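Enquirer: 3D model of this:
(one chain, ligands or ions: 3)
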Amino acid sequence: MRILAIESSCDETSAAVVCDGRHILSNIVSSQVDIHALYGGVVPELAARQHLEAGPLVVEQALQQAGVCLSDIEAVAVTQGPGLVGALLVGLSLAKGIAWGAGLPLVGVHHIEGHILAPLLERDLAFPFLALAVSGGHTHLYRVEGFGQYHLLGQTLDDAAGEAFDKVAKMCGLAYPGGALIDRLAAQGDGCRFALPRPMLQHEGFDFSFSGIKTAVLTLLKKQPELALPPHLANLAASFQEAVVEVLSKKTFAAARQQRLERIVIAGGVACNSGLRQRCLALAQQQGVEVVFPSPALCGDNAAMLAVAAEARLQGGAAGYRSFDARPVWPLEQVTSRSSGTP
Ligand code: ATP
Ligand code: MG
Ligand code: FE
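Expert: Ligands and ions are numbered 1, 2, ... in the order given. Now for the predicted structure:
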């Protein structure tokens, strides 16, 4: 089945054409980060306006690059939530317009379901597996039994890991979003230079907390402002990254052991982090489990990832709908293998 997918939940406008939920024919991502960087974070109203401007162009480009016309498309997938309500509504309206105009079924997909299933665009992956969704808005561990079967095992109680990366980067005077910049600096620094807390590591269960690590960095910077400058900055970045990576990796592997799962998917923007990738791949080898990271282009927000769930849902006999509302707040556990909406 050829699916046109549209993503607009935050600050990336993306459209993709994906064949059979596996083969990416195109995956165009138009990022707004340059605009939001001026304000040090995402401005929801600006995000919605940018999606409005970029959306139709990005869809046009995705069709063109895939070498197909709208008449070759068999279904439309769109991010239904969670995300910024204005941003979601723009993508949803565009997708509804296309689906109505072309007489196609429309499938609303959960953004985090998209992130978690992204590896299926690159390889086979058997259920069940453990999934760590680690991004700008989420740090959630799930047991994934199948398409539409997600059981929450733990989540952050405060900041998401990506949010902590971005806030620490901002404190250090780095540009927004700072996760990748911290990653690059950390590669040249000493991760043992500053002792930072490892929140929740000693707690039972699989919840996380990152605001304490962030506050510890802030306290250091208040006492020694020179730490935000070279040559100290690389050590600070490395120490912060080390603390986050240790907590994420230890909790994730402990959850896999407890759940007796031999496969772990780590997805979302922070899954690009080189420290996290190295640590988890090393632990996987030691413990005889398999850890799967999407390639970096499929870790960040993109539309192709939505087509995996949409294809599975339609092939499973779920109806496509013409109309449904955006769900800015939407726990993944509420997703089922069927879509819902107004026929
Ligand atoms: P969500 O998926 O929870 O709705 P989002 O869509 O805004 O949030 P993503 O686009 O999946 O989040 O990921 C963006 C986040 O990933 C940002 O916080 C960014 O700083 C972070 N990030 C990207 N690359 C890296 C990296 N190399 N190291 C650490 N963090 C990174
Ligand atoms: Mg983003
Ligand atoms: Fe995301």
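Enquirer: residue boundaries of the helices in the stretch 51-200 of the chain?
Expert: Using DSSP state H, counting those that start in this stretch, the helices assigned to the stretch 51-200 of the chain run over residues 85-102, 111-117, 161-171, 179-186.
Enquirer: so which of the ones you listed is the most packed in?
Expert: Mean neighbour count (mean count of other C-beta atoms under 10 Å) peaks for helix 111-117 among those, with a mean of 28. Backbone N, C-alpha and C define where each C-beta goes, glycine included.
Enquirer: Which one of the helices of the stretch 51-200 of the chain lies nearest to V134?
Expert: helix 161-171 (5.1 Å; C-beta to C-beta).
Enquirer: check whether the closest one contacts ligand 1.
Expert: Yes: if you take C-beta under 6 Å from any ligand atom as the test, helix 161-171 does meet ligand 1, through G162, F165, D166.
Enquirer: counting contacts, what elements does that helix pack onto?
Expert: helix 179-186, helix 211-223, helix 232-259 (3 or more C-beta pairs under 8 Å, 6 or more residues apart in numbering; DSSP states H and E).
Enquirer: Which strands and helices lie in contact with the second one?
Expert: Packed against helix 211-223 by the contact rule (3+ C-beta pairs under 8 Å, 6+ apart) you find helix 161-171, helix 232-259.
Enquirer: Then the shortest one?
Expert: Contacting helix 179-186 under the criterion 3+ C-beta pairs under 8 Å, 6+ apart are the following elements: helix 161-171, helix 232-259, helix 274-287.
Enquirer: contacts for the first one?
Expert: With contacts defined as C-beta atoms under 8 Å, 6 or more residues apart in numbering, helix 161-171 is touched by 40-41, 134-137, 139, 159, 175-179, 181-182, 208, 210-211, 213-214, 217-218, 221, 228, 237, 240, 244, 248, 268-270, 273.
Enquirer: ok, and of the residues you listed, which contact ligand 1?
Expert: Okay, of the contacts of helix 161-171 touching ligand 1 (C-beta under 6 Å from any ligand atom), that's S135, G136, G137, P177, G178, G179, G268, G269, V270, N273.
Enquirer: Let me see the contact set for the closest residue to the first one other than its chain neighbours.
Expert: In other words, S135. Nearest non-adjacent residue to S135, counting by C-beta to C-beta, 6 or more residues apart in numbering: G268, 3.1 Å away. Counting by C-beta under 8 Å, 6+ apart, G268 makes contact with I112, H115, A133, V134, S135, G136, H138, G162, C299.
Enquirer: looking at it, the fourth one is touching A271, isn't it?
Expert: Yes: between V134 and A271 a contact is recorded at 6.0 Å, counting by C-beta atoms under 8 Å.
Enquirer: Flag every residue of the stretch 101-250 of the chain that's near ligand 3.
Expert: S135 (C-beta under 5 Å from the ion).
Enquirer: Before I go, just wanted to say thanks for your time.
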